[in-house]
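[1] model the following, please.
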Amino acid sequence: MTNETIELKQGIKFHKIETDKFKTNLFAIFFSLPLTRQTVTKNALIAAVLRRGTANMKTQEEISKNLEEMYGASFDCGIEKTGDSHTIKFYLESINDEFLPEKEDLLKKSLDILLDIAFNPLIESEKFKEEYVEQEKENLKQIIEGKIDNKGSYALERCIEEMYKDKAYGLYKYGYIEDLNEITPEDLYNYYKQVINECKIDIFASGILPQNTENLVKENENIIKLQERTAQIKDEKKQIPEKENVVQESMDVTQGKLVIGLDVTSNIENLSYITMCYNTILGGGANSKMFQNVREKASLAYTVGSNYLKRKQNIMIRAGIEIENYEKALEIIKEQLKDMEEGNFTKEDIENAKNLIIATIENIPEEQDTEISYYLGQELAGTNVSVEEYKQKIQDVTKEQIIEVAKSVKLNTVYFLKN
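    Numbers count the residues shown, from 1 in each chain. A predicted model of the protein is given here:
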């Protein structure tokens, strides 16, 4: 497997991942922008409207028909929040030309269709098609309203929102219902033109790729007409609160949802790799302190675990508990944080954590979309760490480093969703 990055124009990069593990090629385009309250809803709406039709394929049915004729190629698009960047993403997967029954340039067709969807939308009277915009506004409204349906995800979103009040990372990636009425097809098209002229653009191709793949992108008329840009997205500097924030909300729930947001304040070298090990020992699996002590021994949680948000240096502890067990569960969770700080974990705990992380890392090249997501994350973070280097950095983590990180962990917000 080889990975090569080619700058097509300033702010526009082509990433070529050559691998023979798959019978398919996967192509992806990412528009990355600063996450702001003014644009978050528009970005989510743009992703939905673009998939509805292009200047060459005016309906979803036409797009689907073209894909079906390409031996059942598949397309998807969406929106993602990574640190303080908001990314509109497009994917197209098709069979590699080597596995076709007869010679066909499916690779070029795939790239042309994907670039057409992203850069050549259906426009009527200098605006997006009104019918498509109104339908997608209604669909987006339902998605935003539906976030409350999954109480666990809702509680996590609310905790992050409380931790990042008035900050970019506190925004919901699909935006806000109150913005939708203000967005007209004309306004949205004008904003789209601004996006494609200013955003950071990353184009990926993964699979068995010919030498001229980058030229197929570079010479595509949609890319030729794009201007250079200086698209830099920097995460806001985190402010650590002086005391923990406690938020409780009531809703019709049968199980309490406890989410605890932690700040990692250390500046130690290789912080993210050390914190991964810390988090995995704390709550990253069935051998973790959270699982063993909160769920198994104390029987206080149906589910419990923690996740590390690397771009923001936060750890999010999540537990589903009986509502009356709130105080006791919170107390035992805090005991686990203290245990980590005091080094009350074994060499075996560290090895188990490293093995679990490395198994995940080794799985990155086994799925094309996971591999593309990994390299996009590297690109957005401004790093260039290979999978092998990543594994080595995990192997190099010591107990002393984990304790140093543990001592820097501060409790930011305790959020509890109760009946």
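[2] going by C-alpha atoms from here, please, whenever you check contacts or count neighbours.
    OK.
[3] for the protein, just list every one of the strands.
    2-9, 12-18, 24-34, 74-82, 85-95, 200-207, 245-250, 256-264, 301-309, 314-321, 409-418 (DSSP state E).
[4] Glu18: how many residues sit nearby?
    17 (other CA atoms under 10 Å).
[5] thought it was touching Asn25?
    No. Glu18 is beyond contact range of Asn25, at 9.6 Å (criterion: CA atoms under 8 Å).
[6] any low-confidence regions in this protein?
    Residues of the chain meeting the criterion pLDDT under 70: none.
[7] between the strands of the chain, which gets nearest to Gly377?
    Closest of these to Gly377 is strand 74-82, at 8.0 Å (criterion: CA to CA).
[8] any idea how far Ile117 is from Leu67?
    12 Å (CA to CA, to the nearest Å).
[9] before we move on, what about Gln60?
    Counting by CA to CA, the separation of Gln60 from Ile117 is 10 Å.
[10] what about those two, which has more around it?
    Neighbour totals were compared for Gln60 and Ile117, and Ile117 leads with 24 against 14 (other CA under 10 Å).
[11] which residue is the nearest non-sequential neighbour of Asn384?
    With CA to CA, 6 or more residues apart in numbering as the criterion, Asn384 has its nearest non-adjacent residue at 5.8 Å, and that residue is Gln378.
[12] go on, Leu188?
    Spatially, and ignoring its direct neighbours in sequence, Leu188 is nearest to Lys42 (6.9 Å; CA to CA, 6+ apart).
[13] cool, and Tyr278?
    Using CA to CA, 6+ apart, the closest residue to Tyr278 is Ile402 (5.7 Å).
[14] can you pull the contacts of Leu106?
    For Leu106, the contact set (CA atoms under 8 Å, 6 or more residues apart in numbering) comprises Met70, Ser94, Ile95, Asn96, Asp97.
[15] one more time with 10 Å
    Shown in contact with Leu106 (CA atoms under 10 Å, 6 or more residues apart in numbering): Asn25, Met70, Tyr71, Ala73, Ser94, Ile95, Asn96, Asp97, Glu98, Leu100, Asp112.
[16] ranking these by neighbours, who comes first?
    Tallying neighbours with other CA under 10 Å puts Asn25 at the head of the contacts of Leu106, with 25 neighbours.
[17] hey, where'd the helices end up in the stretch 51-200 of the chain?
    60-69, 106-119, 130-146, 151-163, 177-180, 185-198 (DSSP state H, counting those that start in this stretch).
[18] now stretch 166-177: buried residues?
    By 16 or more other CA atoms under 10 Å, the buried positions in stretch 166-177 come out as Lys167, Ala168, Tyr169, Gly170, Leu171, Tyr172, Lys173, Tyr174, Gly175, Tyr176, Ile177.
[19] give the burial count for the residue lying closest to Ser206 once chain neighbours are set aside, as a bare number.
    Closest residue to Ser206 apart from its sequence neighbours, by CA to CA, 6+ apart: Ile17 at 4.6 Å. Close neighbours of Ile17, defined as other CA under 10 Å, add up to 23.
[20] how about Ile17, what does it touch?
    Ile17 makes contact with 1-5, 25-26, 204-209, 368, 371-372, 375, according to CA under 10 Å, 6+ apart.
[21] now do Leu271
    With CA under 10 Å, 6+ apart, Leu271 has these contacts: Val264, Thr265, Lys310, Gln313, Val397, Gln401, Ile402, Val405.
[22] that one and Gly285, how far apart?
    From Leu271 to Gly285 the distance is 21 Å (CA to CA).
[23] now the residue sitting furthest away from the middle of the chain, what are its backbone angles?
    Here the chain reaches farthest from its C-alpha mean at Glu102, the gap being 37.8 Å by CA atoms, centre = their mean. Backbone torsions for Glu102, taken as degrees, to the nearest 10, come to phi -140, psi 160.
[24] give me the number of residues near the closest residue in space to Gln248 that isn't next to it in sequence?
    Using CA to CA, 6+ apart and skipping residues adjacent in sequence, the residue nearest Gln248 is Phe416, 4.7 Å away. Counted by other CA under 10 Å, the residues lying close to Phe416 total 26.
[25] so Phe416 is in contact with Gly261, correct?
    No. The criterion here is CA atoms under 10 Å, and Phe416 misses it with Gly261 at 11.4 Å.
[26] hey, what's in contact with both of these two?
    Common contact partners of Phe416 and Gly261 (CA under 10 Å, 6+ apart): Leu156, Cys159, Arg318.
[27] just to revisit the earlier point, need the strands of the chain in CSV with distance to Ala231, can you?
    As requested, those are exported to CSV (distance: least, CA to CA, whole Å):
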stretch, distance to Ala231
strand 2-9, 12
strand 12-18, 9
strand 24-34, 8
strand 74-82, 15
strand 85-95, 11
strand 200-207, 5
strand 245-250, 35
strand 256-264, 28
strand 301-309, 23
strand 314-321, 25
strand 409-418, 31
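[28] of all these, which one comes closest to Leu337?
    Smallest distance to Leu337 across the strands of the chain (CA to CA): 8.3 Å, for strand 409-418.
[29] CA atoms of the closest one as CSV?
    Taking C-alpha atoms only, strand 409-418 is exported to CSV below (Å, rounded to 0.1, in the frame of the first residue of the first chain):
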residue,chain,number,x,y,z
VAL,A,409,-7.2,15.5,33.7
LYS,A,410,-9.8,18.0,35.0
LEU,A,411,-13.5,17.5,35.4
ASN,A,412,-15.3,20.0,33.2
THR,A,413,-19.0,19.1,33.1
VAL,A,414,-21.3,16.5,34.6
TYR,A,415,-24.6,16.1,32.6
PHE,A,416,-27.4,13.9,33.8
LEU,A,417,-30.6,13.2,31.9
LYS,A,418,-33.2,11.9,34.3
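[30] picking that back up, mind checking how far the residue nearest to Gln248 is from Ala301?
    13 Å.
[31] what do the two both touch?
    Gly256, Lys257, Leu258, Arg318, Ala319, Gly320, Ile321, Tyr326.
[32] quick check: closest non-adjacent residue to the third one.
    The one in question is Leu258. Closest to Leu258 by CA to CA, 6+ apart is Phe416, at 4.6 Å.
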